[in-house]
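*Asks:* coords below, sequence missing:
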């Protein structure tokens with residue numbers, strides 16, 4: 001079983017082993033970046049709130065190949081002085097495979113990922129939970145230890161939703177962390193997302209925007225309480241964007257590494 005920095009970088013799960021990750025995410029936005037990238041406020045009393053509960057399952061098919069599936073339950077609310085509109089249901093299910101290529105010393109890994117995106121909902125009731133479109137994503141990343149007790153992941157994803165307006169998306173992430181002691185990882189992340197589409201309209205329900213970009217930073221701290229269980233909490237913030245909501249997100253995660 002991986003311990004130390006290897007337990008928090010994107011290394012293989014291990015043949016016959018299972019990672020189960022349960023997480024809760026909360027996002028509240030009262031402001032948004034317009035088409036010029038300028039920050040504006042919604043009207044008085046208006047805001048968008050999202051809660052999601054996620055189950056992520058990883059299984060090591062071999063020493064180098066992992067299977068992955070993620071299923072979220074999403075609850076979204078649009079609030080205004082005269083009304084409150086709420087909807088909930090299964091969100092976008094993501095499933096696929098990762099292939100990991102180790103270095104000669106097994107101190108770093110290059111990984112290739114291919115995932116399908118399957119909506120678990122139909123856009124009938126508002127606020128809509130997402131695009132309600134099938135899609136696919138291809139990704140690559142490099143995981144390594146840049147310094148003693150450290151870990152780092154550099155990752156890039158291309159995402160295509162199967163619709164005449166797309167969108168087509170690129171997401172790049174840089175994640176770096178350090179074990180403060182034998183049990184406590186501290187992690188910083190930066191993610192840039194660009195999305196292109198013929199549909200350039202802005203929607204206060206930010207998950208529906210197709211033509212946008214955004215930059216997000218996050219800070220996470222965890223505590224390994226056994227060889228199996230590691231809880232962590234994360235705060236993230238949207239630093240810049242276009243056609244994108246701006247707010248603070250909070251999340252809690254419970255990771256299980258099963259033999």
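*Replies:* Thanks, I have the structure now. Note that the structure is a prediction, hence the values are computed from the model and not measured. Numbering: from 1, shown residues only.

*Asks:* could you tell me the model confidence score at residue 77?
*Replies:* You'll see residue 77 listed with a pLDDT of 95.

*Asks:* try residue 133
*Replies:* 98.

*Asks:* and what of residue 7?
*Replies:* What the model reports for residue 7 is a pLDDT of 43.

*Asks:* contacts for the helix or strand harbouring residue 160, please.
*Replies:* Applying DSSP states H and E as the criterion places residue 160 in strand 150-161. For strand 150-161, contacts defined as CB atoms under 8 Å, 6 or more residues apart in numbering pick out 5-6, 8-10, 113, 117, 131, 133-146, 166-179, 185. To be clear about C-beta, it is placed using only N, CA and C from the backbone, and glycine gets the same treatment.

*Asks:* just the buried residues of those residues.
*Replies:* Using 16 or more other CB atoms under 10 Å as the burial test, the contacts of strand 150-161 include 5-6, 8-10, 113, 117, 131, 133, 135, 137, 139, 141-144, 166-167, 169, 171, 173, 175-179, 185 as buried.

*Asks:* now the strands for this protein?
*Replies:* Counting by DSSP state E, the chain has strands at residues 18-33, 39-41, 47-60, 65-80, 83-90, 92-102, 108-119, 135-144, 150-161, 168-179, 185-196, 212-222, 229-242, 244-258.

*Asks:* buried residues, the fourth one. List them.
*Replies:* This means strand 65-80. By 16+ other CB under 10 Å, the buried positions in strand 65-80 come out as 66, 68-79.

*Asks:* what is the burial count for residue 226?
*Replies:* For residue 226, the number of neighbouring residues by other CB atoms under 10 Å comes to 9.

*Asks:* state the distance from it to residue 236.
*Replies:* Plainly put, residue 226 is 27 Å away from residue 236 if you go by CB to CB, to the nearest Å.

*Asks:* distance-wise, check residue 88 relative to residue 250.
*Replies:* In this view, residue 88 and residue 250 are 19 Å apart by CB to CB.

*Asks:* more neighbours, the two?
*Replies:* residue 88 (16 against 13).

*Asks:* gap between the strand holding residue 160 and the chain center?
*Replies:* 10 Å (CA atoms, centre = their mean, to the nearest Å).

*Asks:* low-confidence stretches in this protein?
*Replies:* Applying pLDDT under 70 to the chain flags residues 1-9.

*Asks:* and for it, the residue most distant from the center?
*Replies:* residue 82 (32.8 Å; CA atoms, centre = their mean).

*Asks:* which ones are touching it?
*Replies:* By CB under 8 Å, 6+ apart, no residues touch residue 82.

*Asks:* beta-bridge partners for residue 41, please?
*Replies:* Taking DSSP bridges as the rule, residue 41 bridges to residue 31.
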